[in-house]
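Chemist: One predicted model, sequence on top.
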Amino acid sequence: MKSDRDRSVRLLWEPPAEPTRGPKAALSQSRVVEAAIKVADADGIDALTMRRVAETLGNTAMSLYRHVPGKSELLDLMVDAVWGETEPTPEGPWRAGLEFFARQVWAMYRAHPWMLQLTTSRRMPGPHAMTRQDAAYAAVSELGLATEEIVAVVTTVAHFVDGVGRTMADRVQAERETGVSEEDWWDGRDALWEHFTPDRLPMTTRIWNSGGFERLLDEFEFGLARVLDGLAVFIESDERPLVRTQTCL
C-alpha cells in the first residue's frame, strides 16, 4: 500500500508537465481532473467512475489511466484542485483571518458538496490544501499560543465548517436522489406533527407555536460567530485554562 500512497504524493506535489502539442495535448491530468469535478458537481460522488469521466471527455477509460492511475488518486487530485479555487487567509487580525478561512471553506463546500461525502482522515493532502491550512495557522501564530494550541484553534474552526457542511451536503444528496426539496419533505410529515403535543414536548411546541422554527437563524452565520466568540475567550484570557490531552470517557 505504500506505493499507492507515494503515487498520490507524486501526482499532487510533482505533477507532470502539461503537453502542449500533438494528439496527447487533447488529454492531460488537469483535463481529467476538471472533467471529474464536473461529473461530481452534477451528479454526486457516487456517479463518478473512470468510464463516466472518459465519456465526458470523448475518450476511453483506458486512455485516462495514462494520466491518472486510478480512482483513489483521482479523488486526491480533485480535492486539491477544488482547494485551489479558494484564497489563502490574508495577514491581519486573528478573528478576521479565521472568519475569512471559514468562509472560503464554506463557499468551497457549497460549490462542491460531494467533498463532504469523502473520508478525510486518510485523504492525501495536496499543495493547495496545505498552503491554505498553513495561512490559517499563520493568522493565529502571533498570539502567544503554543504550537499545539495553534493547531487546535484552526482545527476547531475547520471542524465547525465541516459539520455544517455535511448537513448541507446530505440535503443536496437527498434532494438529488428523491427530487423532493427539504422544505417539501418536512411539509409532508403531518403524521409526525400530531405527536408534538404540549404534554410530551412542552418546549418544542412552545417554540413551534411562537414561530421559532419558521424564523431560524442561519446555521453557518450564527455558529461561526459563536465559535469565534468562544475562541476569543480562550485566546484573550490572561491565564489560558489547561486542556486535556485526550478525551476521558
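Modeler: Here it is on my side, so go on.
Chemist: pLDDT of the longest helix seen in the chain, averaged?
Modeler: Longest helix of the chain, by residue count under DSSP state H: helix 147-178. The pLDDT scores in helix 147-178 average 93.
Chemist: For that helix, which residues meet the burial criterion?
Modeler: 149-150, 153-154, 157-158, 160-162, 164-165, 168-169, 172-173 (16 or more other CB atoms under 10 Å). All C-beta spots, glycine's among them, are computed from the backbone N, C-alpha and C.
Chemist: What of stretch 181-197?
Modeler: Within stretch 181-197, judged by 16+ other CB under 10 Å, no residue is buried.
Chemist: List of residues touching that stretch?
Modeler: 171, 174-175, 178, 204-205, 208 (CB atoms under 8 Å, 6 or more residues apart in numbering).
Chemist: what's the average pLDDT for it?
Modeler: In this model, stretch 181-197 carries a mean pLDDT of 85.
Chemist: next one: stretch 47-55
Modeler: The pLDDT scores in stretch 47-55 average 95.
Chemist: and the chain, what are its domains?
Modeler: 7-81, 88-236 (the TED database).
Chemist: re earlier: of all the contacts of stretch 181-197, which comes closest to residue 54?
Modeler: Using CB to CB, residue 175 comes nearest to residue 54 of the contacts of stretch 181-197, at 27.8 Å.
Chemist: how much space between the closest one and residue 236?
Modeler: 42 Å (CB to CB, to the nearest Å).
Chemist: How about residue 37?
Modeler: Counting by CB to CB, the gap from residue 37 to residue 236 is 40 Å.
Chemist: now swap in residue 162 and tell me
Modeler: 25 Å.
Chemist: which residues sit in contact with residue 110?
Modeler: 165, 168.
Chemist: For the helix or strand of the chain with the lowest mean pLDDT, name the packing helices and strands.
Modeler: For the chain, counting by mean pLDDT, DSSP states H and E, helix 2-13 ranks last in confidence among helices and strands (a mean of 80). Other helices and strands packing on helix 2-13, by 3 or more CB pairs under 8 Å, 6 or more residues apart in numbering; DSSP states H and E, are helix 71-83.
Chemist: For the helix it packs on, name the packing helices and strands.
Modeler: Helix 71-83 is packed against helix 2-13, helix 29-43, helix 50-57, helix 94-111, helix 127-139, with contacts defined by 3+ CB pairs under 8 Å, 6+ apart.
Chemist: For the longest one, C-alpha coordinates in CSV please.
Modeler: In CSV, the C-alpha atoms belonging to helix 94-111 read as follows (Å, rounded to 0.1, in the frame of the first residue of the first chain):
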residue,chain,number,x,y,z
TRP,A,94,-6.7,36.9,14.0
ARG,A,95,-10.5,36.9,14.1
ALA,A,96,-10.9,38.3,10.7
GLY,A,97,-8.4,35.8,9.4
LEU,A,98,-10.2,32.8,10.8
GLU,A,99,-13.5,34.1,9.6
PHE,A,100,-12.0,34.5,6.1
PHE,A,101,-10.7,31.0,6.2
ALA,A,102,-14.1,29.6,7.4
ARG,A,103,-16.0,31.5,4.6
GLN,A,104,-13.6,30.2,2.0
VAL,A,105,-14.1,26.6,3.1
TRP,A,106,-17.8,27.1,3.3
ALA,A,107,-18.0,28.5,-0.2
MET,A,108,-15.9,25.6,-1.4
TYR,A,109,-18.3,23.1,0.2
ARG,A,110,-21.4,24.9,-1.2
ALA,A,111,-19.9,24.7,-4.7
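Chemist: Would you mark the buried spots in that helix?
Modeler: For helix 94-111, by 16+ other CB under 10 Å, it's 94, 97-106, 108-109.
Chemist: For residue 128, state which of those residues is nearest.
Modeler: residue 108 (10.5 Å).
Chemist: Give the closest residue to the closest one in space, chain neighbours not counted.
Modeler: Leaving aside its sequence neighbours, residue 108 sits nearest to residue 86 (CB to CB, 6 or more residues apart in numbering; 5.4 Å).
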